[in-house]
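Engineer: How does the following fold in three dimensions:
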Amino acid sequence: MTAGYALTLALGLITGGRLGDTYGRRKIFLIGTAVFTLASLLCGATARRLKERQMKAR
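Structural biologist: You can find the predicted model right below:
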């Protein structure tokens with residue numbers, strides 16, 4: 001489990017660093033922030049829908 005986390009973190013850091021060097025740190029940071037925000041919103045909406053379905057099933 002720890003090795004999988006370390007591998008994923010390393011791949012993300014290397015890829016992010018390379019993209020930052022190529023396209024600019026600020027641009028990649030803003031894109032990453034936008035992707036994180038959208039993913040968080042989708043997770044929140046999904047959790048809400050699942051909870052609503054569970055409440056209707058009772």
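Engineer: residues contacting A45?
Structural biologist: By C-beta atoms under 8 Å, 6 or more residues apart in numbering, the contact list for A45 is empty. Placement of C-beta: from N, CA and C, glycine included.
Engineer: What average pLDDT does the strand or helix carrying it get?
Structural biologist: Using DSSP states H and E, A45 sits within helix 25-57. Averaged over helix 25-57, pLDDT sits at 89.
Engineer: quick one: buried residues of it?
Structural biologist: By neighbour count on 16 or more other C-beta atoms under 10 Å, the buried set for helix 25-57 is I28.
Engineer: Stretch 14-24 too?
Structural biologist: Buried positions in stretch 14-24, judged by neighbour count with 16+ other C-beta under 10 Å: none.
Engineer: got a list of contacts for that stretch?
Structural biologist: Here stretch 14-24 has contacts from 28-29, 32, using C-beta under 8 Å, 6+ apart.
Engineer: could I get those as JSON lines with distance to R18?
Structural biologist: Conversion of these to JSON lines gives the following (distance: C-beta to C-beta, whole Å):
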{"residue": "I28", "distance to R18": "10"}
{"residue": "F29", "distance to R18": "14"}
{"residue": "G32", "distance to R18": "14"}
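Engineer: Nearest to M1 among these?
Structural biologist: G32 (24.8 Å; C-beta to C-beta).
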